[in-house]
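**Student:** Only the shape, not the letters, is given here:
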Ligand SMILES: [Zn+2]
């Protein structure tokens, strides 16, 4: 009985071992497969991650390209700004070009201080009416050194004399330009005709005069807004007229005077500047590349 049972036990033992072995083997195979599957999964997910990284890098590099493009556009704009600041001002931009006629005079530095305070550059159409010799040269130099443009208005500002003939006009122009050259080291090609290009004083010679000026490469600038200073406007009335006339145009060339009899313009200027800024205008320097307002062509 004992022997039998041992034999039976042996008979049972073998299949159990085999079964256990099978189970272990199956378990190992299953585990191995699972872990391989896991590895594959990890590999998949890591490759997906890599792709994500790559595409992210791609996007990033795309972005940096975009940035580069926008930078290069900015550069282009900057170049354009440097080379030709007002070549093509956007029609929707509100721009004011401040221009001061008839100076300089001993009071001009106060005007320069106000402009400095707002970091605004202006174009001065100058004469030799209120200063002469070294004092005039020094003042013109100071205006230029403080970042403004200097242009010819007239040496004498004597309408009858300068509009007597084309030669008379050009002689007056050249005499003023010689002083500008002495002060700044360069000639100017910017002009504002006293009284404007369509003044009654030049009627007899106008066609010939405008052609002679153009032939010399001179650009003349009239205006489309005016503060009324030489027409008796003062204080609030001057401010109101200026704001109203500037706001009539997106691009305004504003005429004001800088001379002893219009010193009150200096008092009104801060209010005018602040109001125009509030109205959305920016101040640009009138120069060779500014599209000119011209009454007579
Ligand atoms: Zn004038």
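**Tutor:** Everything's here; your move. Since the structure is predicted, the reported quantities are computational estimates derived from the model, not experimental observations.
**Student:** which parts of this protein sit against the ion?
**Tutor:** Residues of the chain lying close to the ion (C-beta under 5 Å from the ion) are 101, 102, 194. Where C-beta positions appear, they are placed from N, C-alpha and C, glycine not excepted.
**Student:** From residue 155, how far off is the second one?
**Tutor:** To residue 155, residue 102 is 12 Å away according to C-beta to C-beta, to the nearest Å.
**Student:** Find residues that contact each of these two.
**Tutor:** Residues touching both residue 102 and residue 155 by C-beta atoms under 8 Å, 6 or more residues apart in numbering: residue 127.
**Student:** Looking at these two, which one has more neighbours?
**Tutor:** residue 102 (24 against 21; other C-beta atoms under 10 Å).
**Student:** Tell me who's in contact with that one.
**Tutor:** Counting by C-beta under 8 Å, 6+ apart, residue 102 touches 125, 126, 127, 129, 130, 153, 157, 257, 258, 259.
**Student:** swap in residue 228?
**Tutor:** Counting by C-beta under 8 Å, 6+ apart, residue 228 has contacts 237, 238, 241, 242.
**Student:** Show me which of those residues are buried.
**Tutor:** Buried by 16 or more other C-beta atoms under 10 Å: 238, 241, 242, out of the contacts of residue 228.
**Student:** Please flag which of these sit within helices.
**Tutor:** Under the assignment DSSP state H, those contribute 238, 241, 242 to helices.
**Student:** Would you map the strands across the stretch 51-200 of the chain?
**Tutor:** Counting by DSSP state E, counting those that start in this stretch, the stretch 51-200 of the chain has strands at residues 95-101, 123-127, 149-154, 190-191.
**Student:** Tell me which strands the second one pairs with, and in which orientation.
**Tutor:** Each strand that pairs with strand 123-127, with its direction, by DSSP bridges: strand 95-101 (parallel), strand 149-154 (parallel).
**Student:** Just put the ones you listed in TSV and tack on mean pLDDT and distance to residue 200.
**Tutor:** Putting the strands paired with strand 123-127 into TSV (pLDDT from 0 to 100; distance: least, C-beta to C-beta, whole Å) gives the following:
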stretch	mean pLDDT	distance to residue 200
strand 95-101	98	18
strand 149-154	98	16
